[in-house]
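> Any chance you could fold what I've pasted below:
(2 chains, ligands or ions: 2)
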Amino acid sequence: MSNKVLMKGNEAIAEASIRAGLEGYFGYPITPQNEFTAYMSDHMPRRGRAFVQAESEVAAINMVYGASATGARVMTSSSSPGVALMQEGFSYMCGAEVPAVVVNIMRGGPGLGNIGPSQGDYNQATRGGGNGDYRFIVYAPSTVQEAVDLTYEAFDVSDRYRNPVLILGDGALGQMAEPVVLPEDREPGRKEDEGWELTGPKDRDPRAVMSLRLAEGGLKKHNWDLAEKFERIAENETRYELTGEDYDTLVVSFGTAARVAKSSLRAVKEKGEKVELFRPITVSPFPYKQLAEAASKAKKVLVAEMNLGQMLFDVKVAVEGRVPVEFIGSPGGESFTPEEIEEKILSMK
Amino acid sequence: MAVVFKKPESMTDKTTIYCPGCNHGTIHRIVGEVLDELELRESTIGVAPVGCSVLLYEYFKTDIVEAPHGRAPALATGIKRVRPENTVFCYQGDGDLASIGMAEIMHAANRGEMITVIFVNNANYGMTGGQMAPTTLPGQRTTTTPEGRDVGYHGAPFRMAEIMAGLDPVVYSARVSVSAPGKINKTKKAIKKAFENQKNNTGFSFVEVLSSCPTNWGMTPLQGIEFVKNEMEGYYPLGEFKGGNK
Ligand SMILES: Cc1ncc(C[n+]2csc(CCOP(=O)(O)OP(=O)(O)O)c2C)c(N)n1
Ligand code: SF4
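Ligands and ions are numbered 1, 2, ... in the order given. Just a heads-up that it's a prediction; the model follows:
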């Protein structure tokens, strides 16, 4: 395959995962990410790697958990209601500290909702959803190329911290075809033994991968350790994009919504407005510090999301009331138009 | 002096925390002996359930991963698919396997996953204090069937070994008991067969072991054994339902 190809988001992310050295994919069909599972069912066995269509998302994530406990590079993908079912596994995997990559191609909720592109799972993605104190690393790409690059890297980041990483996309990203440059093809296979993987206790002491912490004070210490790990992740892995330095209005938006917002900025600028975009690339860890600094140079902030205002909460925490924060939302599996954002910005003076 | 009886190499020296008269310990020992005899310890990854036997890693000198309640067969599937060279076994209670994890066991079995499942049926939820399990006998009292299990109201018990035997891809399914020395020998044969099948890449193997839970049954250890013999073995016939040596 030549390196620059036209590919649907779902398939491009799947191919990037395979090229990252994926050893096993475990998933369950759900729209709008079905091309992902189909792609894996075709390409993984052909390369002699594991593919299982699980009986449910609950089973899929637990297959991922088992396989990742052996130190293998593994993943699953799903969409909103399916990811809701995976939350049990997420909590266990964070507690047991195993790596994995999960892709959520979001659709409209709550419940069965619809299959339109949505950002309604922001809270679910960034706050957990499973039980206990745990955090995910969550990337929110806004183009197919970015999704490919972030997915490829996500495996390394997940391994480095032994914490699952979520790629948070939506139906638009999954379904849209764009030209992408695919990353280099890496050999799958076990990394060097890091001392925790379950490989069978030949020539070494037995090991356990678990989230149970019964000894007195053990869980408390473990949770503080996890919190400290997340601090390190925030320090090293937080990513964002700021489109320019000179602005009165700062638009904060992620993923597909940011892409729509970007196209409206040009029109607004032509009307003489000074406006730039702040786009969190990691929505967890959220770029609080970076946004606080960027917002302190603005007169007003506009948050644009395809939900009822979930990231809005994080933006307000970052801004701490220093400048007014307004909101434009679009829930229900629909995006706003660039014109709607343009109108909103112009109306904010 | 010659040693005539010692702990299996595959087990640690830790004292188990099971109640007096509980059969989990006996069943552990049998699994340990079989891993020794088949020389599988060094390749083995066990999957621990949620239930009284959650602390498997304390007792086995194999690698162990701890599954969420009922999901052990899904974890085992993931492990075996990416590491076919490893020996993978699940050790699950009846609440774990036949209730919350019913989908996972049915599908792992029906995919013919190359794993070994040890299913400990003690007719109730031991760890959470003796509630009704899918295997609780008709008429049996538990904390959630205070008047005894009424099949018309609570539903009927699952006979898992027979259900497993009915699935085409399952190569071995047996029900055994540890209520008498002769039965313990048969249990060992069944568990050995279930691991041999994996060693020879034959297919999915399932062994249901009837087990006593005197604590939650409100019985002495001896009464518990009598209950297994007289009540459980009556409702749950012992035998090899699939893949036995006829
Ligand atoms: C999701 C979830 N639901 C419920 C529980 C509570 N729970 C722990 S052990 C158990 C029952 C275990 O019974 P069984 O599998 O029969 O094993 P035993 O303790 O009898 O050996 C339950 C319901 C849990 N830990 N997780
Ligand atoms: S509660 Fe029952 S199953 Fe659990 S250790 Fe005690 S006797 Fe065994």
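
> Please work out which residues outside the helix or strand hosting B:Asn185 touch it.
Assessed by DSSP states H and E, B:Asn185 sits inside helix B:181-199. Residues outside helix B:181-199 that contact it (CB atoms under 8 Å, 6 or more residues apart in numbering or on different chains) are B:26-27, B:30-31, B:33-35, B:37-38, B:40, B:87-89, B:114-118, B:171-172, B:174, B:176-178, B:202-203, B:205-207, B:209, B:238, B:240, B:243-245. Placement of C-beta: from N, CA and C, glycine included.

> which parts of chain B sit against chain A?
Contact residues, chain B versus chain A (CB under 8 Å from any CB of the partner chain): B:41-45, B:47-48, B:54-55, B:57, B:60-68, B:71, B:74-79, B:81-83, B:86-87, B:103-104, B:106-107, B:111.

> Buried subset of those as a PyMOL selection?
Here is the PyMOL command that selects the buried residues among these (16 or more other CB atoms under 10 Å in any protein chain shown):
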select buried, chain B and resi 41+42+43+44+45+47+48+54+55+57+60+61+62+63+64+65+66+67+68+71+74+75+76+77+78+79+81+82+83+86+87+103+104+106+107+111
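
> Just the residues of chain B next to chain A: which are in helices?
Assigned to helices by DSSP state H, the following of these qualify: B:57, B:74-79, B:81-82, B:103-104, B:106-107.

> mind listing the helices for chain A?
A:9-19, A:34-46, A:57-68, A:80-96, A:122-127, A:144-161, A:171-175, A:218-237, A:255-270, A:288-296, A:311-319, A:338-347.

> Looking at the third one now, give me its mean pLDDT.
The predicted model gives helix A:57-68 an average pLDDT of 98.

> Next, the angle from that helix to helix B:72-82.
50 degrees (axes from the mean of the first three to the mean of the last three CA atoms, to 10 degrees).

> and helix A:57-68, what other elements does it pack with?
Counting contacts by 3 or more CB pairs under 8 Å, 6 or more residues apart in numbering or on different chains; DSSP states H and E, helix A:57-68 packs against strand A:24-27, strand A:50-53, strand A:74-78, helix A:80-96, helix B:72-82, helix B:102-110.

> hmm, 7 Å instead?
On a contact count with 3 or more CB pairs under 7 Å, 6 or more residues apart in numbering or on different chains; DSSP states H and E, helix A:57-68 meets strand A:24-27, strand A:74-78, helix A:80-96, helix B:72-82, helix B:102-110.

> what sits against the closest residue to A:Ala96 other than its chain neighbours?
Nearest non-adjacent residue to A:Ala96, counting by CB to CB, 6 or more residues apart in numbering or on different chains: A:Ser211, 4.6 Å away. Counting by CB atoms under 7 Å, 6 or more residues apart in numbering or on different chains, A:Ser211 touches A:92, A:95-96, B:66.

> what do you get for A:Glu305?
Contacts here follow CB under 7 Å, 6+ apart; on that basis A:Glu305 touches A:119, A:253, A:257, A:311-312, A:329.

> Most neighbours among those, please name it.
Counting neighbours by other CB atoms under 10 Å in any protein chain shown, A:Ala257 leads the contacts of A:Glu305 with 31 neighbours.

> For A:Ser2, report the pLDDT, please.
A:Ser2 is assigned a predicted lDDT (pLDDT) of 57.

> just the one 3 residues further on next, same as before
According to the model's per-residue confidence, A:Val5 sits at a pLDDT of 95.

> rewinding a little: just send the helices of chain A back as CSV, with distance to B:Gly126 too.
Output for these, formatted as CSV (distance: least, CB to CB, whole Å):
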stretch, distance to B:Gly126
helix A:9-19, 41
helix A:34-46, 38
helix A:57-68, 22
helix A:80-96, 21
helix A:122-127, 34
helix A:144-161, 36
helix A:171-175, 45
helix A:218-237, 23
helix A:255-270, 47
helix A:288-296, 47
helix A:311-319, 43
helix A:338-347, 59
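
> and those, which is most packed in?
helix A:57-68 (a mean of 31; mean count of other CB atoms under 10 Å in any protein chain shown).

> does it come close to ligand 1?
No: using CB under 6 Å from any ligand atom, helix A:57-68 stays clear of ligand 1, coming no nearer than 10.3 Å.

> Quick one: distance of that helix to the chain centre.
18 Å (CA atoms, centre = their mean, to the nearest Å).

> Over to stretch B:96-103?
Relative to the centre of its chain, stretch B:96-103 is centred 13 Å away, using CA atoms, centre = their mean.
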